[in-house]
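>>> got a predicted structure here, sequence first:
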Amino acid sequence: MAKVFRLHKGASDTIKDWQTSSVLGSSQISEIQDPEGGNVEKEITSIPSPFARIDLVKTAFEEIVNNNTFDLDGRIAGAERKKTIYHKMVSDSLDVGEIFFNIQKLNDKFEILYWDKTEDLKELLQSSNDAHRSVGETIDMFLKQDSNINPSMDAQMYNFNKMQRIYMLNYIGPGKPSQLNIIGATSPCTLFFSTANSLSYVSSNVSFGQDRPFDNDIKPLYKRDFEYIKYLWAFKASYENFSEDFKAVDEYFAQTYSKLDDKKKNVLDEIDRNYIDNYQQIEITDINNKVEILGHPLHKRQTTSFVNSDFTVDSKIFQGKRPLVLPIEAGNTYTSLFYVTENWSKTDKAPIFDAIHWGERKLQDGTLYPYLTISDILGDTIVRMPYELNAKFYFDGNISNKDFSYLLPLTPLFFEFFSVDDLMGHMHDGKKMIELRENAGGVSVLIRIPIKGKGVVKYVEYQRSYFIDGVVDVNGNKGRLIDKRFGVGIMPLIAFKDNESAHYRIALFDKGSKKVELQMYFNQELIKAKGKVVRREKEDVCSVESYVIDNKIDRIEVQIEGVSNFILPKFKSHSGSAKFVFAVDFGTTNTHVEYSIDNAPSQSFNILSDDMQIQRLHIDYGEDNGDIGAAFDDNLIPRSIGHSEMYQFPIRTAFAEHNKIDYDKATYSLASGNIPFRYEKAPTPRHNNVKTELKWSTQKKHQVKLFLDNIYILLRNKVLLNGGNLSATKIIWFYPASMTEAQCNTFKKIWNELYVKYFGADCDNIISMSESVAPYSYYIKKRGGKEPIVTIDIGGGTTDIYVVENKDPKILSSFRFASNALFGDGYNWDSDNNGFVRLYKKEFVDSLTNNGLYTLQSAFNIIEKGKSSSDITAFFFALSHNHEVRSKNVPSLNFLDKLQDNEQLKYVFIIFYSAILYYVALIMKAKGLGMPLTIAFSGNGSKTLAVLSSENDTLTKYMKLIFESVYDQKYDKHNDIEIRYDANPKESTCKGGILNPEPQNFDNIENIKCALLGINDSEFIDKRPLDSVDEKLLQQVVGEVDRFVDFIFALNQSNDSFFVKKFNADAKIAGVVRDICRKNLMEYAKQGVENRTSELRSWGAEEQIDETLFFMPIVGMLNNLARELSNL
């Protein structure tokens, strides 16, 4: 026997096709399980009933109101609401009802057809067509099954026994796919139901305001037109047995009611059974054929006759029925204006407050017609702040006061009729639309509302007074004034042309007991923040809150515990054709940015007074400057950046992240974290954790992306605020040759993604260049130089060398031996064992204390806790450039001067620079190149050349000695060596990139990229696996380092103690230094290989020898040398 598929148990297996069966009892129904667990999202089909859709919609209502995992918006999933097919079916059914309700204005798109249970069924049953009769018999069977059940169970079924007709909506409008397009109908158990077909052709041509029926935007009843909700309430009130016949719908209405605000609830509470008489019944063809559900007529939206009044609001933006704007004071000011049936009289006045929705009010003559009064325009509370408003960039309400500023106490309704530009503008007679005026005990607000008018009377004036510590008296037109302390800033203050190009950060720093919330708007649309991050809740200090907005905005609503006021920024329009080129040197320790406009000479990135990227709401925060003012600098960006400012590029490569940041969730630069411009200048706030050493760490990829995102925002705003063309902007970034292709590709992906996000899709404008090549372009074009020329770029993590002979690139080499090898922690040490830190920490701390530099001392205390020697020594170097230190003229805080004067530590720098020069000489000689005639230094690490000597001639002689000794030949006196270095060597890479912005991918540099293995003066690396580095090979590396040590000290000895007499190194310890330099070299070599292997593995790169092994032992040597010399 064939299997009968059913959801319940215990029924007969002899059923064939559609036949009559017994009704399921409650126990059978309760046994049915939903296999999707309420998660179904696709249309449900294959229900064995000709009335399947009616049943499905009924089930949908029941699921929503009875399933505790649902609410009206969807399936509950944490804070989210997931759409289900049940919500979709209910939403579509409500769409059908809304079309019926609005049928009068949609009669060109829909016609109403009907099916009669008696007449049309009879026609089917008596048809001569077998198929028609079969359909009729089937329908009759289902209708009778419903009619014959126990009456007490009838409400659980479909009410077919009470139904006479079903009324169907046939779409006849544009885009109709067929002659007959039934999109929905009345339902005897859910009021309405829709078809399961795609109704996108209806969605494309029909709308209810912003909502389009049958689209994917599921809309529960409580979010719909309140007029529609009111009518359904009226229908329910007029239907005595509504809760029995439409049980699930009635429960859905109850849940809808709970979602409404009190004002709407109050309106619904007033609806009784007679309210339905306010509506006109829907007719089909004649007066005797009215649409009904179970005998109860359906109605259409109320229509109110147009009122031709001089008091009609004069709005450029409002699209609906225009309300009247009625005066609240008696008098003869408006007696020349026509009201409804006659002119306004001198005794006429509107109520100051009307609790009824403005669209539902009655005029004085009883006419149901919308009107506005003062309380629809002005709120009952105004917010005052004890700071001067930044009136150049924010609208001040036409009041000027250096001690106080005010928010604008307007209602959201005001902006449905008038734009921000309207409010900041003037009336026809030159008077301002709004004026704030201070008076005894408070402030008053005068606002002029444009109306149709007549003659010279073209607006209605409203005025309300707000009193300090006052009590709101709505009917007496008296408001209160409250004081609040908070800061707001917008970055950037640009009016974008479209939402795709809009990227804002809005900062809020809130103080005091009352909580502030911000909501952003554009025109009549509430703009939802893409993200909101609260880095610090307010306690004794201000909160730190950031809103990420990727949409156009024109105003900000400030909500303070039930009070609503507005901020109106004066956005600057953007247009321009200037072409910007930026070069970003993202370094291990420092990052520099240069830019050029229309091929002009490049300059360091700056933010000047005329292109401030973040505009604060107030000029100054008075006694709150140390809190709110500092919060702006700590958590966003400073007002200004430049050579003469407190903050300037190059900046530390660091990122301050929220201490509760979760990288498994969405994060945003300048919200979840930011570049800490105050790092090394002030204490880091407790809610921020500063991360350094970003460039080479695989554990800090998230911070790298946020750091670069922050940089991109700065670059983008620079273009926008200076008449630039975003899509034509070029950005150059640099990578060291020692980076693996995997590492380089990781960075390339980030740079490209951010360019697309902030500048446009043309990634040809993003240019990658080798750090080795760019300085050459700068020096050869700006400083000149004879060839062969060597550029040595010393950064924090890597040193890159580039050799050019006869304008032909010959060598490009990079190695992990740079300033971190000098000042860092070697292998597996920390700052407690660092010679520079041990020698100078107490001296610097004492000097800070003795000179009253307590802020800097606190900043150091936080940095020192990180135990990173590189961070600590970077702080020492930064002090000599600090504005506060300079203003106090404290020479004892110049770290470079101290190093120059230290005769013992001088040897650390001699070994460091000698190792680099020795290696350069070896590799050039191995490549068969002549001795260099020009050596040019770049990178922040090369600043310590001055530790050896501040005299160019001395440094030249020193380098000349090394090359002549390696090559075993002398320079021609007519063709001698020259050296080049700038006071700001970090800038040369960026400047060179802008001078010659030619892209260089990894393949471009492979032909000239090379490195000596580090075991002799001629063998080059051959990409052998790192795990092939054995004890024998490492012993050869150690031997080569030993030869280097011998070479350096022999060079000193054979040149009349050059290091002592020219560099002022301590003569007494030369032998001690040489002995220290020979210690533990094998151990350091092993640690270096282990470190490199671990790094390559973490990046997913091929584990092979890709740079010289020569410097690996020297890294440990220098760390140990500084430590031991600090104990002498």
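That came through, no problem. For clarity, every value in this text was computed on a predicted model and none was experimentally measured.

>>> contacting residues for the residue sitting nearest the centre point of the chain?
The C-alpha lying nearest the average C-alpha coordinate of the chain belongs to residue 548 (C-alpha atoms, centre = their mean; 4.0 Å). By C-beta atoms under 8 Å, 6 or more residues apart in numbering, the contact set of residue 548 is 504, 505, 529, 530, 531, 532, 533, 668, 671. Placement of C-beta: from N, CA and C, glycine included.

>>> what do you get for residue 774?
For residue 774, counting by C-beta under 8 Å, 6+ apart, the contacting residues are 583, 734, 988, 989, 990, 992, 993, 996.

>>> how about it, nearest residue that isn't a chain neighbour?
Of all residues not flanking residue 774 in the chain, residue 992 sits nearest, at 3.8 Å (C-beta to C-beta, 6 or more residues apart in numbering).

>>> which outside residues touch the helix or strand where the one you found lies?
For residue 992, the element it lies in under DSSP states H and E is helix 987-995. By C-beta under 8 Å, 6+ apart, the list of residues contacting helix 987-995 from outside reads 581, 583-585, 592-596, 602, 604, 650, 732, 734, 767, 769, 771, 773-779, 781-782, 793, 936, 938-939, 982.

>>> PyMOL command to pick out the buried ones of those?
The following PyMOL line selects those of these that are buried, judged by 16 or more other C-beta atoms under 10 Å:
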select buried, resi 581+583+584+585+592+593+594+595+596+602+604+650+732+734+767+769+771+773+774+775+776+777+778+779+793+936+938+939+982
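
>>> any idea how far residue 413 is from the spatially closest residue to residue 266 that is not a sequence neighbour?
Counting by C-beta to C-beta, 6+ apart, residue 266 lies nearest to residue 355, which is 7.4 Å off, once chain neighbours are set aside. Here the criterion is C-beta to C-beta, to the nearest Å. By it, residue 355 lies 14 Å from residue 413.

>>> ok, now residue 309?
19 Å.

>>> for residue 651, same thing?
Going from residue 651 to residue 413 by C-beta to C-beta gives 47 Å.

>>> what's the answer for residue 448, then?
16 Å.

>>> more neighbours: which of the two?
residue 448 (20 against 13; other C-beta atoms under 10 Å).

>>> the more buried one pairs with what?
Residue 448 has these beta-bridge partners by DSSP bridges: residue 461.

>>> shift numbering so it begins at 57
Right, with 57 as the first residue, what we last looked at is residue 504.

>>> that one: what's it in contact with?
Taking C-beta under 8 Å, 6+ apart, one finds 483, 487, 488, 489, 490, 515, 516, 517, 518 in contact with residue 504.

>>> do the same with residue 920
Contacts of residue 920 by C-beta under 8 Å, 6+ apart are 887, 897, 928.

>>> tally of neighbours for the residue nearest to residue 1031 when sequence neighbours are not counted?
Nearest residue to residue 1031, sequence neighbours excluded (C-beta to C-beta, 6+ apart): residue 989, at 6.4 Å. For residue 989, the neighbour count with other C-beta under 10 Å is 18.

>>> surely residue 695 is in contact with residue 663?
Yes. Applying C-beta atoms under 8 Å, one finds residue 695 in contact with residue 663, separated by 7.3 Å.

>>> looks to me like residue 1011 is in a helix.
Yes. Under DSSP: H, G, I helix; E, B strand; the rest coil, residue 1011 falls within a helix.

>>> next, count neighbours for it.
21.

>>> what's near enough to touch it?
Applying C-beta under 8 Å, 6+ apart to residue 1011 gives the contacts 1001, 1004, 1005, 1035.

>>> let me know the closest of these to residue 1105.
Nearest to residue 1105, judged by C-beta to C-beta, of the contacts of residue 1011 is residue 1004 at 15.9 Å.

>>> where does pLDDT dip in the stretch 107-256 of the chain?
Applying pLDDT under 70 to the stretch 107-256 of the chain flags the ranges 133-135, 201-212.

>>> what does the chain give?
Ranges of the chain meeting pLDDT under 70: 57-106, 133-135, 201-212, 265-266, 342-344, 359-361, 397, 421-423, 1157.

>>> where along the stretch 207-356 of the chain do the strands fall?
Along the stretch 207-356 of the chain, counting by DSSP state E, counting those that start in this stretch, strands occupy 221-227, 238-243, 247-250, 336-337, 348-349, 352-353, 355-356.

>>> quick one: list the elements packing against the fourth one.
Same thing as strand 336-337. strand 355-356 (3 or more C-beta pairs under 8 Å, 6 or more residues apart in numbering; DSSP states H and E).

>>> part of a strand, is residue 640?
Yes. Assessed by three-state DSSP, residue 640 belongs to a strand.

>>> burial of the spatially closest residue to residue 533 that is not a sequence neighbour, as a residue count?
Counting by C-beta to C-beta, 6+ apart, the nearest residue to residue 533 once its immediate chain neighbours are dropped is residue 408, at 4.9 Å. Residue crowding around residue 408 was assessed by other C-beta under 10 Å; the count is 18.

>>> shouldn't residue 408 be within a strand?
No. Residue 408 is assigned coil when assessed by three-state DSSP, not a strand.

>>> touching, residue 764 and residue 810? I think so.
Yes. Because the distance of 6.0 Å satisfies C-beta under 8 Å, residue 764 is recorded as touching residue 810.

>>> would you confirm that residue 386 contacts residue 400?
No. Counting by C-beta under 8 Å, residue 386 sits too far from residue 400 to count as a contact (9.9 Å).

>>> looking at these two, which one has more neighbours?
Using other C-beta under 10 Å, the more surrounded residue of residue 386 and residue 400 is residue 400, with 25 against 13.

>>> SS state for residue 978?
Classified using three-state DSSP, residue 978 is helix.

>>> need phi/psi at the residue nearest to it when sequence neighbours are not counted.
Leaving aside its sequence neighbours, residue 978 sits nearest to residue 1073 (C-beta to C-beta, 6+ apart; 4.9 Å). Backbone torsions for residue 1073, taken as degrees, to the nearest 10, come to phi -100, psi 10.

>>> contacts only, for residue 951.
Residue 951 touches 896, 900, 929, 932, 933, 935, 936, counting by C-beta under 8 Å, 6+ apart.

>>> now the buried members of the contacts of residue 830.
639, 790, 1044, 1045, 1046, 1048, 1049.

>>> isn't the second one up against residue 824?
Yes. Contact criterion C-beta under 8 Å: residue 790 and residue 824 qualify, at 7.5 Å.

>>> for the strand or helix carrying residue 501, which positions count as buried?
Residue 501 is part of strand 498-510 when elements are defined by DSSP H and E. Going by neighbour count (16+ other C-beta under 10 Å), the buried part of strand 498-510 is 498, 499, 500, 501, 502, 503, 504, 505, 506, 507, 508, 509.

>>> identify the farthest-apart pair in these.
Using C-beta to C-beta for every pair in the buried residues of strand 498-510, the one that comes out farthest apart is 498 and 508, at 33.4 Å.

>>> now do the same contact list for the residue lying closest to residue 558 once chain neighbours are set aside.
Take residue 558 and drop its neighbours on the chain: the residue closest to it by C-beta to C-beta, 6+ apart is residue 552, 4.0 Å away. Contact analysis of residue 552 by C-beta under 8 Å, 6+ apart lists 558, 608, 630.

>>> now residue 958
The neighbours of residue 958, taking C-beta under 8 Å, 6+ apart as the test, are residue 895.
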